[in-house]
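S.K.: sequence? don't have it. structure:
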């Protein structure tokens with residue numbers, strides 16, 4: 001038997017804001033909010049499905065430089081250009097990590113600057 005990713009834990013300054021962004025971006029819902037400010041979001045079906053839940057933990061320390069992990073997302077119901085426009089309206093912004101401009105994906109940053117990529121392929 002193998003393991004699979006069930007949760008991704010993200011340290012951030014404003015868990016509510018990031019949770020709202022990623023809920024809109026991924027079609028997730030808030031599953032739980034703790035008294036200490038931790039927010040868990042995930043698919044409407046809840047924890048334990050095929051998609052991992054995201055847990056946003058409040059921190060006050062400065063953000064790490066050169067994070068070694070990022071999300072790749074794919075549109076499920078529209079083409080890449082339409083999804084790019086939607087994500088930018090939600091608060092994402094273009095990010096430059098040294099790409100050439102010839103890539104088939106877009107590099108973006110969420111409202112706290114966490115880099116993620118919007119891939120060309122569409123998933124159903």
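M.R.: On my side now, so go ahead. These numbers come from a predicted model, not from an experiment.
S.K.: Can you tell me the SS state at residue 86?
M.R.: Put simply, residue 86 is helix when judged by DSSP: H, G, I helix; E, B strand; the rest coil.
S.K.: Can you verify my assumption that it contacts residue 80?
M.R.: No: the pair residue 86 and residue 80 fails to qualify as a contact (Cβ atoms under 8 Å) at a distance of 10.7 Å. No exception for glycine: its C-beta is placed from N, CA and C like everyone else's.
S.K.: Can you give the strand pairings for the helix or strand of the chain with the lowest mean pLDDT, parallel or anti for each?
M.R.: Lowest by mean pLDDT, DSSP states H and E among the helices and strands of the chain is strand 71-73, with a mean of 88. Within its sheet, strand 71-73 is paired with strand 115-118 (parallel), according to DSSP bridges.
S.K.: quick one: contacts of the strand it pairs with?
M.R.: For strand 115-118, contacts defined as Cβ atoms under 8 Å, 6 or more residues apart in numbering pick out 67, 70-75, 80, 83-84, 87, 92, 95, 97, 105-110.
S.K.: which intervals of the chain have sub-threshold pLDDT?
M.R.: 1, 63-68, 122-124 (pLDDT under 70).
S.K.: Can you classify the residue nearest the centre of it by secondary structure?
M.R.: When Cα atoms, centre = their mean is applied to the chain, the residue found nearest the centroid is residue 22 (5.1 Å). Of the three states, residue 22 takes helix according to three-state DSSP.
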